[in-house]
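Q: Structure, please.
(chains A, B, C and D)
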2 protein chains.
Amino acid sequence: MAAQSAKSVAPPGFKSHNHKHCIERAVTHAKQSCQANGLQFTAIRQRVLEILLTQHKAMGAYDILDQLKEDGFNSQPPVAYRALDFLVQHGFAHKIERLNAFIACHSPENDHTPTFFICRLCSSVVETQPELTRGALGKTAKDVGFLIEQTVVEVEGVCPNCR
Amino acid sequence: MAAQSAKSVAPPGFKSHNHKHCIERAVTHAKQSCQANGLQFTAIRQRVLEILLTQHKAMGAYDILDQLKEDGFNSQPPVAYRALDFLVQHGFAHKIERLNAFIACHSPENDHTPTFFICRLCSSVVETQPELTRGALGKTAKDVGFLIEQTVVEVEGVCPNCR
DNA sequence: TCCATGACGCTATAGTATTACAATAGTGGT
DNA sequence: ACCACTATTGTAATACTATAGCGTCATGGA
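A: Sure thing, here's the model as predicted:
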């Protein structure tokens, strides 16, 4: 899985776009958010986020590790996992359980319960927020008395571009 | 993780119940379903299903492998994974992606899109079917033109018994 | 009978993730 | 400036999860 150019990679919302822009935007946001909350947005963490942002696909921890290695960072597994844990914990990235892989958060500004659409053919992953899900799940949870702390909603299929 | 007695283990729908009954029922159903569809419900497959049915928790493939070993079955990883693949493929079990683990299907009679509620404290897993989810996701998918093939919906939190 | 298919036995290996501990760097109080 | 404290990183080792590949055997159809 080679690194790709920074422009017009896979689509967010399955539509083409200028990619460089969303990288800068997300990094800037993360930086500010960390500063505001007393978190350390270290070089490794920033670099991992940037790597994730280069594509709208989920990347395995070891793919990221390879990238880090090329950049002269250390390359033992914990390096990647620690950075990923940090990013996920603070909402700058998500784990796609179905793929055992990670993806940059597409709209880190909002507090949200994301739903991911994963294309089986081109491997693109799109993050959406159908509030309905929260509502439907919330109702079920309330009925049985379950306290929801985290949700994983991942849909697998074929994206519009591949159909 | 030791095997538990066959009665009143963790709750389906988080309520106590006679557990032995649901084991028999599920095994019988699987047997008949396989026969009706020309599938081979072999000894290994049956045993793996039974093992899964002994608890309303998700079990790792290697936990199952250990059980199989005790029963005198072969114990190389593929043995468990093959049986699990079969069970999942034909709807007799599900994989809980969040836990990298497997659980017997709670209502194999219906074709369904299950939602799992996972208790962080007692590890029990309950399968529900909030049709709403399908509707909500379906709408979003339609909007973006995505063809849904499979969905993973897993909710993590605290079950009513542990609150 | 011959062959195609599906299940299983078995070995090896790939892929994902964590534990543990030492070293270092950032932070806040004095 | 100094210290104590906490967070982060460096590094090695290991645990956990999953699959590939190939040989064997049983079953059922042409």
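Q: Skipping adjacent residues, who's closest to A:Gly145 in space?
A: Closest residue in space to A:Gly145, ignoring its immediate chain neighbours: B:Pro160 at 3.4 Å, by Cβ to Cβ, 6 or more residues apart in numbering or on different chains. The C-beta positions use only the backbone N, C-alpha and C, and glycine is treated the same way.
Q: ok, now A:Leu39?
A: Closest residue to A:Leu39 apart from its sequence neighbours, by Cβ to Cβ, 6+ apart: A:His90 at 6.5 Å.
Q: ok, the one you found to DNA strand C distance?
A: From A:His90 across to DNA strand C, the span is 16 Å (Cβ to the nearest atom of the strand, to the nearest Å).
Q: The longest helix anywhere in chain A and DNA strand C, any residue contact?
A: For chain A, the helix with the greatest residue count under DSSP state H is helix A:19-36. No: Helix A:19-36 lies out of reach of DNA strand C by Cβ under 7 Å from any atom of the strand, never closer than 9.1 Å.
Q: ditto for stretch A:60-67
A: Yes: part of stretch A:60-67 sits close enough to DNA strand C to count as contact by Cβ under 7 Å from any atom of the strand, namely A:Gly60, A:Ala61, A:Tyr62.
Q: Among those, which are located in helices?
A: A:Ala61, A:Tyr62.
Q: Tell me the buried residues within the residues of stretch A:60-67 next to DNA strand C.
A: Buried by 16 or more other Cβ atoms under 10 Å in any protein chain shown: A:Ala61, out of those.
Q: Chain neighbours aside, what residue packs nearest to A:Ala104?
A: Closest residue to A:Ala104 apart from its sequence neighbours, by Cβ to Cβ, 6+ apart: A:Leu52 at 3.9 Å.
Q: how far away is that neighbour from B:Arg98?
A: A:Leu52 sits 20 Å away from B:Arg98, taking Cβ to Cβ, to the nearest Å as the criterion.
Q: For the lowest-mean-pLDDT helix or strand in chain A, name the packing helices and strands.
A: With mean pLDDT, DSSP states H and E as the measure, the helix or strand of chain A carrying the lowest mean pLDDT is helix A:131-144 (a mean of 80). The contact analysis (3 or more Cβ pairs under 8 Å, 6 or more residues apart in numbering or on different chains; DSSP states H and E) places helix A:131-144 against strand A:147-158, strand B:115-119, strand B:125-128, helix B:131-144, strand B:147-158.
Q: Show residues contacting that helix.
A: With contacts defined as Cβ atoms under 8 Å, 6 or more residues apart in numbering or on different chains, helix A:131-144 is touched by A:113, A:115, A:146-148, A:151, A:153, B:13-14, B:115, B:117, B:126, B:128, B:130, B:132-133, B:135-137, B:139-140, B:153, B:155, B:157, B:160.
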